[in-house]
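> Mind looking at a prediction? Sequence and model below.
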Amino acid sequence: MSPVSLEVRDGVALVRMDDGKANALSYAMMDALDAALDRAEKEATAVVLAGRPGRFCAGFDLQEMMAGADRARALVTRGAEALLRLYGLPMPLVIANTGHALAGGALVLLTGDLRVGTRGAFRIGLNEVQLGMPVPVLAMELARDRLTPSHLIRSTLFAEVVDPERALVAGWMDELADADALIEQAHGHAKRLGQLPRDAFAKSKTILRERTIKYIRETLPEDMKRLTPPVQ
């Protein structure tokens, strides 16, 4: 069974991640996301990306990350391409953050054009340094692009993890919603954004983000040499 589902309503593709566990960025999850985005680009005008209630995304598959440096680097390299595809998607991408979003899961939040978060006792942030890992260039650049200057160092170097209200202030999210209204709120934004002229939107998004994408791709091989697995 695929960990990703897709349904199209009013021209909006609702893409849901649900692996029945922590919604980790495994190879299976990322391949399924790519397949869903392939469909969305053909069948929809905008995308809403959601997790399941209480869990948005736990980041890179911990079992694979703990299996040695080579396997950790291979997974993060694959993950970089998945995240950059979301970040550069040539159509509006609205994130419906359904719960916890840590490490790579927090980076998924940063790829969205507009991000709606669920109110509740959820944890959001980059906890790599706390786990004994350096924060990769990919994370630094996406954080620099979306987080407020006053929260950038706290969210990267200090591994600060916050609740949704503080995440809104820091720049992880653009607005909050109650759990029962989250998907509809995100859908409304996606439907509105999907009515913008597609070619103009896509070209403008490329202009906005191509420099960051190019830099991340150019520095990725050297950056992976610095990557170490989490401390056991």
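Ah, there it is. Residues are numbered from 1 along each chain as shown.
> switch to C-alpha atoms for all contacts and neighbour counts from now on
OK.
> contacts for the worst-scoring helix or strand of the chain on mean pLDDT?
When the helices and strands of the chain are compared on mean pLDDT, DSSP states H and E, helix 62-65 comes out lowest with a mean of 90. The contact list for helix 62-65 (C-alpha atoms under 8 Å, 6 or more residues apart in numbering) reads 24, 71-72, 75, 229-230.
> Next: stretch 169-178.
Residues lying outside stretch 169-178 but in contact with it, judged by C-alpha under 8 Å, 6+ apart, are 106, 109-110, 114-119, 146-148, 150-151, 164-165, 167-168, 182, 185.
> In terms of secondary structure, what does the helix or strand containing Ser204 contact?
Following DSSP states H and E, one finds Ser204 within helix 198-226. The criterion is 3 or more C-alpha pairs under 8 Å, 6 or more residues apart in numbering; DSSP states H and E, and the helices and strands that helix 198-226 contacts are helix 69-87, helix 137-146.
> how distant is the first one from the center of its chain?
Put plainly, it is helix 69-87. On the basis of C-alpha atoms, centre = their mean, to the nearest Å, helix 69-87 sits 12 Å off its chain's mean C-alpha point.
> Show me the contact partners of the following helix or strand past it.
Downstream of helix 69-87, the first helix or strand assigned by DSSP H and E is strand 93-97. Contacts with strand 93-97, where a contact means C-alpha under 8 Å, 6+ apart, come from 46-51, 56, 86, 109, 112-118, 182-183, 186-187, 189-190.
> quick one: average pLDDT of strand 93-97?
Mean per-residue pLDDT for strand 93-97: 98.
> what do you get for stretch 15-27?
Computed over stretch 15-27, the mean pLDDT rounds to 96.
> swap in stretch 196-206?
98.
> and what of stretch 220-230?
On average, stretch 220-230 scores 90.
> now this structure, which segments are flagged as low pLDDT?
231-232 (pLDDT under 70).
> redo that, cut-off 80
Across the chain, the ranges flagged by pLDDT under 80 are 229-232.
> thinking again about what came up before, what are the buried residues along the helix holding Ser204?
Buried residues in helix 198-226, counted by 16 or more other C-alpha atoms under 10 Å: 198, 201-202, 205-206, 212-213, 216-217, 220, 223-224.
> Save those residues as TSV, and put in distance to Arg16 too.
Below are those laid out as TSV (distance: C-alpha to C-alpha, whole Å):
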residue	distance to Arg16
Arg198	23
Phe201	24
Ala202	23
Lys205	23
Thr206	25
Thr212	27
Ile213	25
Ile216	26
Arg217	27
Leu220	28
Asp223	30
Met224	29
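> Among the residues you listed, which pair sits farthest apart?
Arg198 and Met224 (35.1 Å; C-alpha to C-alpha).
> For ChimeraX, what selects the buried ones among the contacts of helix 62-65?
The ChimeraX command for the buried members of these (criterion: 16+ other C-alpha under 10 Å) is given here:
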select :24,72,75,229,230
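> Which one of the contacts of helix 62-65 is nearest to Ser2?
Ala24 (13.3 Å).
> so the closest one touches Gly59, yeah?
Yes - using C-alpha atoms under 8 Å, Ala24 is in contact with Gly59, at 5.2 Å.
> Common neighbours of those two, please.
Any residue near both Ala24 and Gly59 by C-alpha under 8 Å, 6+ apart counts here, and that gives Gly105.
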